[in-house]
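>>> sharing a sequence plus its predicted fold:
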Amino acid sequence: MPYPSSGLTKAERDKAFRQRHAEKISAKKKEKYAANREAISAKRRAEYAADIEARRALQRVRALIDPETRRAKRRAWYQRNAEKMRAYSAAQKRKHAESTRAINQRRRALKAAAPGTLTADDIAAVSAAQGHRCAWCSLKRKLTVDHITPLFRGGHHTKSNIQMLCRSCNSKKGHADPIAFAQREGLLL
Ligand SMILES: [Zn+2]
């Protein structure tokens, strides 16, 4: 309904007001965000944790529906972008060569120093016990060895301290303490 004084609707007046005071409003928003940063990120974390199961279920369903089309789509995408991807990964590799070397060195040193031994048979047995599925997301993907308690935290390089995770879950877990990781993912209290 137009205001008699201006001939503008309320929405138009509000919009004009927001435009006139854009800077002040944005500063206020920022201020409010800064004051509540902790609460806001806690809320986001809680929301993320709350529907992680739903997201996983959706992922599993999507993987089941028409895997051939999904694979074909992915292949087509890679073919279209092969050149770009190669250039990108070469650049990334160069960029990270040094830190990768350092990380690998540290990993080898940790493995050598960690108590216990792990054989190829052990790895195969653990993978079979998991039905060759990722221990975390249950998807059938290429699996990597994960130290449940990271070597970095004093975990042993033994069969009882490993699980097989897909690359994505493994990198998500990183060096996290297993309990802390599960809590972060909303699984343990
Ligand atoms: Zn996984």
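Noted; the coordinates are in hand. Numbers count the residues shown, from 1 in each chain.
>>> who touches Ala185 in this structure?
No, residue 185 isn't Ala; it's Glu. Ala49, Ile52 (CB atoms under 8 Å, 6 or more residues apart in numbering). Where you see a C-beta, it was placed from the backbone N, CA and C, and this is true even at glycine.
>>> ok, it to the ion distance?
Distance of Glu185 to the ion, given as CB to the ion, to the nearest Å: 11 Å.
>>> try Ala176
15 Å.
>>> for Gln183, same thing?
On the measure of CB to the ion, Gln183 and the ion end up 18 Å apart.
>>> what is the neighbour count of Met85?
Neighbour count of Met85, defined by other CB atoms under 10 Å: 13.
>>> so what touches the lowest-mean-pLDDT helix or strand in the chain?
Here the helix or strand of the chain ranked lowest by mean pLDDT, DSSP states H and E is helix 52-64, holding a mean of 84. Here helix 52-64 makes contact (CB under 8 Å, 6+ apart) with Arg70, Cys137, Ser138, Leu139, Glu185, Gly186.
>>> output the below-cut-off pLDDT ranges for the chain.
1-6, 189 (pLDDT under 70).
>>> domains of it?
The chain breaks down by automatic domain parsing into domains covering 12-80, 97-184.
>>> Cys137 should be in a strand, yeah?
No: Cys137: not assigned to a strand; according to DSSP: H, G, I helix; E, B strand; the rest coil it is coil.
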